[in-house]
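Enquirer: Here is my input; please provide its structure:
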Amino acid sequence: MHADGSEDRYDYDDQGSVIRHIRADHSKTHFAYDDRRHPIKIRDAEGGLWLRDYDQKGNLVETTDPLGNKTEFAYTPSGLVKAIKDANGNEKKLAYNAADQLIEYTDCSGKTSQWEYDDVGRLVLFTDAAGNKTTYAYKAGQLAKVTHPDNTEERFERDAEGRLLAHVDALDRCTTWSYDAAGKLVERVDANEHSLRYRWDKLGRLIGLENENDSKATFLYDPVGRLLEEKGFDGLVTRYQYDPDSGRLASTQVGQRRIDITFDAVGRLASRTARQGDQRQEETFAYDGNGKLIQAINADSKLQWFHDEAGNLTREHQYYLKTAVPMVAVWKHEYDALNLRTATIRPDGHKVSTLTYGSGHVLGMTLDQHELLAYERDALHREVVRHQGNQLMQTQAWDPAGRLQEQCLGSHDGKSTLLKRQYQYDAVGQLTDIHDTRRGHLAYQYDPVGRLLQATSRLGVETFAFDPAGNLLDQKTQELNRPLESDPRRNKLMDNLLREYAGTHYQYDERGNLIHRLHNGDKARLTWDLFDRLVRFDDGKLSVAYSYDALGRRLHKHSTAHHYDDPRAGSGWNQMQRAKRQRELGCGYTLYGWDGDNLAWESSPPQDEGETGRTVHYLYEPDSFVPVAQALRKAPIRLLRQPDWRGREYDIDQDPLWQHEVKPQPIDSIAWYQCDHLGTPMELTDHHGEVAWAGQYKAWGDVREVRSEWAKQVGMSNPIRFQGQYHDHETGLHYNRYRYYDPRVGRFVSQDPISYGGGLNLFAYAPNPVEWIDPLGLWKGQPRQSNGRFGAGKDPSIPCPCETETSEKVHGNNLNTTALAVGYTLRDRNDDEKIMKFGETTMGTRRYTKAYLDKNNVNMQIEVSGTKREMHAWQHRQILDYKAHNGGGRPPLNKSDF
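Expert: Numbering: from 1, shown residues only. Below is the predicted model:
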């Protein structure tokens, strides 16, 4: 029984095993067991049947998903997995030492990684499949030093309880941490000797932050530990209210804007309604029985998702409700036996296919069965050779630390070289130099915390200064103030709001959104909707309107040049002048299409007489924001009209969205992207292997573009900038999925929608744009890792990872495992009603040793069973319930809410 009166119900067989779980939303999961009480069948809430088989020792030896794809497991005598054979027949092998520690892993391509340990079982050496070695050294039982494959070292100092006190990198830059008597972090001092301080209440809740500028943020809680009020460094106050029945968040309020939030019976977001004065915006969401999002609706769009029995997304219907005639874009996806996407048919019928090997490493890509790219990879599956469909070949080399060392683009026969880039790094991996045969020498310098101080290129020398909190400062203003101003705050943005930079003045609304920009007398006005999305831009030259779907993805852009008719001239002349002005400023209408978070296509109708309109498709490295090609057709995209079922019964057999097969029209031009170490487009090459577009970038992303005559004739250009960014020439801003980025000042023009989950400075892009990316406009990505990809990081906006289908892990454990999990309590042996811990596990009663239970004087009691995700959600809800009835405190043995 939940706090709001809803309930989860369980049916049991004669042996006490759960055979049916009915959730609060009435969805049902069924379980069947063998004679040894192992779950052998699970029928999920959408009817998918998951099968399992076990050996005589109870080890899981085979799983079969609802599509019939099988995975097999083999074990050592001690019960450790020694081999995994996937549904394609590929096998991974694992080997262990006498202490059951992993010493060798061989992937399904035959590439082997190795681990070595000392006499007390501590890891001392890791050797990757390419032979690169990382060593670990210890002091007083704690990790004290890591030596990387390039022989650089990191050193660590910890106290007797294992808490990190200091970290010293290979440049001897030191960061320190200090703690209070309760073990809570109270201060972090960075390598610039600037402090970030934390304050906690007696219940261990964070109640205050003091940033490096000595600005303060505070947090206020109710008696059961729920956040009631948050006051930011800029003084912005956000207030939270909760539903008295369920205890879930009911509303947030910032200034005059209030957002009311509702959840469905199992706690998933159902709607959010924003209000301010007489303005109102609403978005609604719906889910299937397995918790997958299947519908999202707002005033401008309706999104629908369809899945197969294994949960793979097979179709998407994206409705454009505010186009002149409501239209629908239908997407279709195909998968292999590993449930990895192998092909997508786009709304206009063009098919993008991916060829993979092993566990999903990309070997090639095709467009409508024509080869676009073919890859060769090294022992770590990093790209080393790329064969392009325009007869060019790109080679890449990596250093022992996994950093990109060289890129070379030339003809397949090796007789000619089009470009070459060489990268140099310092001891901590900061990029210091790029030698580019097209752009010359680029050099970078950093401060002790990795912020970019100077960038040198053919565009000149750019120098930057930051305040302690990471805000980019106007150096001229800073230099003028320094001799005269005794108050150091004059050289700090105390509220992190940039109000002046390089002669441009900025003004913000009460929610931290940029609303006015003034430069040399030219004033721009920005208008935001109630969900803090930019919906209009006006300046002296033009106006631009935007719309978004319920996921915040931009649907359209419509720009109109300002023109004042001459009353002395005829209507024909005025119309001609208006059209001329539209052309001069590049104004018009653009519709956008999305594949997940990737901008997949843009399309425009004819903007003037004699024009044909255009559609551009963008293709990316799979699971990435790095573009690889664009395909241009000189015609607007043809979508399906939204069917009207009013007055008649719906019939899927008559629904054109399901029955109409779109025949793709020929592509007029294809160009291939050549990107740098960061995934930023540097060139586009045409079908002849010549450079069609090239960009010379300033440090923070402003660019000077050059196009070939061919590119101008066919209308080929490139609006993609840093990963995830799209350049709007009308405003100079870059649309960055959830926000807009200003490359002239290297920061966002609105606050981070996930607040401090993306970092303490809510406007910052990154410490430097040379090593970091932020494809979603939420949080900066990790530098390129040893496998040649960027670390995705975890989404810090999700309060409990178990409650979203997109989250795969929590505490390092896979939430999507197919093994049966149980929810349990640890109860005091002297008082069976006293709960010491709520938990979940796939190990059953093997989760704890007898010694642990005896030490804590507790017994383990199984309460419920289900999937790993369900049990983690159950654990989370039980802990929150416990806190609500115990003054905000957790059970004694629970260290977190998750």
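Enquirer: what's the neighbour count on T63?
Expert: T63: 18 surrounding residues under other CB atoms under 10 Å. Yep, even glycine has a C-beta here, placed from its N, CA and C like the rest.
Enquirer: got the CA positions of the strand or helix carrying it in PDB?
Expert: Assigned by DSSP states H and E, T63 falls within strand 60-64. Output of strand 60-64 as PDB, limited to C-alpha atoms (Å, rounded to 0.1, in the frame of the first residue of the first chain):
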ATOM      1  CA  LEU A  60      21.800 -19.300 -15.000                       C
ATOM      2  CA  VAL A  61      23.000 -21.000 -18.300                       C
ATOM      3  CA  GLU A  62      20.600 -19.600 -20.900                       C
ATOM      4  CA  THR A  63      18.300 -16.700 -21.400                       C
ATOM      5  CA  THR A  64      15.900 -16.200 -24.300                       C
END
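Enquirer: and the helix or strand just after it, what's its mean pLDDT?
Expert: Sequence-wise, the next helix or strand downstream of strand 60-64 (DSSP H and E) is strand 70-75. Mean per-residue pLDDT for strand 70-75: 96.
Enquirer: cool, and stretch 670-687?
Expert: pLDDT averaged over stretch 670-687 gives 98.
Enquirer: cool, and stretch 148-157?
Expert: According to the model, stretch 148-157 has a mean pLDDT of 96.
Enquirer: Pull the residues that contact it.
Expert: For stretch 148-157, the external contacting residues (CB atoms under 8 Å, 6 or more residues apart in numbering) are 128, 132-134, 142-147, 164-170, 399-402, 427-428.
Enquirer: Buried ones among the residues you listed?
Expert: Buried members of the contacts of stretch 148-157, counted by 16 or more other CB atoms under 10 Å: 128, 132, 134, 142-143, 147, 164, 168-170, 399-402.
Enquirer: I'd like these as JSON lines, with secondary structure appended.
Expert: Converted to JSON lines, the buried ones among the contacts of stretch 148-157 look like this (DSSP: H, G, I helix; E, B strand; the rest coil):
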{"residue": "D128", "secondary structure": "coil"}
{"residue": "N132", "secondary structure": "coil"}
{"residue": "T134", "secondary structure": "strand"}
{"residue": "Q142", "secondary structure": "strand"}
{"residue": "L143", "secondary structure": "strand"}
{"residue": "T147", "secondary structure": "strand"}
{"residue": "L164", "secondary structure": "strand"}
{"residue": "V168", "secondary structure": "strand"}
{"residue": "D169", "secondary structure": "coil"}
{"residue": "A170", "secondary structure": "coil"}
{"residue": "D399", "secondary structure": "coil"}
{"residue": "P400", "secondary structure": "coil"}
{"residue": "A401", "secondary structure": "coil"}
{"residue": "G402", "secondary structure": "coil"}
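Enquirer: For those residues, which two are the farthest from each other?
Expert: Across these, the longest distance by CB to CB is 29.5 Å; it joins Q142 and D399.
Enquirer: picking up where we left off before, now, which of the buried ones among the contacts of stretch 148-157 sits nearest D278?
Expert: When these are compared against D278 (criterion: CB to CB), the nearest one is L164, at 52.7 Å.
Enquirer: Just to check, I670 is in contact with T366?
Expert: No: with contact defined as CB atoms under 8 Å, I670 does not reach T366; the gap is 11.8 Å.
Enquirer: Compare the two (neighbour count), which wins?
Expert: I670 (22 against 17).
Enquirer: how about the more buried one, what does it touch?
Expert: 367, 372, 389-390, 629-632, 687.
Enquirer: Now list the buried members of these.
Expert: 367, 372, 389-390, 629-632.
Enquirer: follow-up on the earlier one: between I670 and T366, which contacts overlap?
Expert: L372.
Enquirer: packing partners for the host helix or strand of K580?
Expert: Per DSSP H and E, K580 falls inside helix 571-585. Applying 3 or more CB pairs under 8 Å, 6 or more residues apart in numbering; DSSP states H and E, one finds that helix 571-585 contacts strand 554-561.
Enquirer: Give me the contact list for the strand it packs on.
Expert: 300-301, 320, 322-323, 541-549, 578, 581-582, 584-592, 728, 730, 735.
Enquirer: Buried subset of those, written for ChimeraX?
Expert: Of these, the buried ones go into a single ChimeraX selection, burial set by 16+ other CB under 10 Å:
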select :300,301,320,323,541,542,543,544,545,546,547,548,549,578,581,582,585,587,588,589,590,591,592,728,730,735
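Enquirer: Mind checking which of the contacts of strand 554-561 are in helices?
Expert: Members of these lying in helices (criterion: DSSP state H): 578, 581-582, 584-585.
Enquirer: Report the buried residues of stretch 89-96.
Expert: Quick answer for stretch 89-96 (16+ other CB under 10 Å): 90, 92-96.
Enquirer: Could you tell me the average pLDDT over it, please?
Expert: 96.
Enquirer: Check whether D653 sits in a helix, strand or coil.
Expert: Per three-state DSSP, D653 ends up helix.
Enquirer: Give me the number of neighbouring residues for it.
Expert: D653: 6 neighbours (other CB under 10 Å).
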